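> The amino acid sequence is not available; the structure is as follows:
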């Protein structure tokens with residue numbers, strides 16, 4: 001029975017993806033910074049482990065306890081909304097340490113095993129904000145765009161060794177904690193130039209009409225990347241994400 005390790009399973013996309021793999025009969029290693037045993041169904045096929053992707057010791061310990069895995073899903077991350085001019089340097093560093101370097105670290109932990117056995121799949125969850133410039137998410141967007149670039153190069157490097165690598169790009173979702181996590185880092189409401197822009201962004205984010213991405217959309221895209229050897233490198237997840245990707249690919 002194959003095994004998947006998923007980071008960031010405490011809520012949203014990661015939680016839904018863990019549930020889906022359990023329903024498909026897989027062994028699931030669900031990781032999160034602060035493990036909770038009551039958010040996932042009780043199953044002999046489920047292992048819940050602590051994992052902080054910014055802590056090398058935590059990564060080594062989690063992968064050692066997980067044993068052999070067939071698929072790594074890098075979902076852990078957080079968002080922050082602020083003008084590039086005003087974002088706190090500490091927040092910028094944290095975004096890259098978690099979203100970019102954390103993803104790199106987990107990949108480096110598993111890649112030697114995948115390469116040695118000539119099989120394995122890595123799926124990195126980024127965002128459709130990487131497809132076009134948007135205000136107030138510049139540093140977050142940069143941290144996710146960096147993951148796209150890493151993944152694109154890694155796909156080329158791993159192809160001779162039979163290791164598949166994919167990017168899943170969700171759109172705007174009401175099902176994640178992005179907004180709650182991003183708001184504490186918000187800067188600029190006291191700036192007369194930026195305030196209207198920020199108020200518009202907040203209103204747009206809270207709007208739940210129109211095309212959206214739901215956690216089930218992301219789980220389905222991850223499943224496609226897992227089981228379909230012909231899946232594309234980049235997979236849009238969600239109705240709005242599909243639209244954005246189509247627009248981005250137009251000449």
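Okay, I see it. Keep in mind that what you see is a predicted model, and the values were worked out from it rather than measured.
> Can you tell me what sits against the longest helix seen in the chain?
As far as residue count goes, and with DSSP state H defining each element, the longest helix of the chain is helix 138-158. When contacts are defined by Cβ atoms under 8 Å, 6 or more residues apart in numbering, helix 138-158 is touched by residues 74, 77, 79-84, 87, 91-92, 95-96, 98-100, 103-104, 107, 111, 114-115, 122, 124, 126-127, 129-130, 133-134, 164-167, 182, 233-234. No exception for glycine: its C-beta is placed from N, CA and C like everyone else's.
> Tell me how far residue 160 lies from residue 31.
29 Å (Cβ to Cβ, to the nearest Å).
> Show me the shaky parts of the stretch 101-250 of the chain.
174-185, 187-188, 204-209 (pLDDT under 70).
> now the strands: where do they sit in it?
For the stretch 101-250 of the chain, strands defined by DSSP state E, counting those that start in this stretch occupy the ranges 121-125, 164-170, 234-237.
> I'd like these as CSV, with distance to residue 228 and mean neighbour count appended.
Shown next, in CSV, are those (distance: least, Cβ to Cβ, whole Å; neighbours: other Cβ atoms under 10 Å):
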stretch, distance to residue 228, mean neighbour count
strand 121-125, 10, 26
strand 164-170, 9, 26
strand 234-237, 9, 24
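> Need these in JSON lines (columns: distance to residue 149).
Compiled in JSON lines, the strands of the stretch 101-250 of the chain are given as follows (distance: least, Cβ to Cβ, whole Å):
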{"stretch": "strand 121-125", "distance to residue 149": "11"}
{"stretch": "strand 164-170", "distance to residue 149": "10"}
{"stretch": "strand 234-237", "distance to residue 149": "12"}
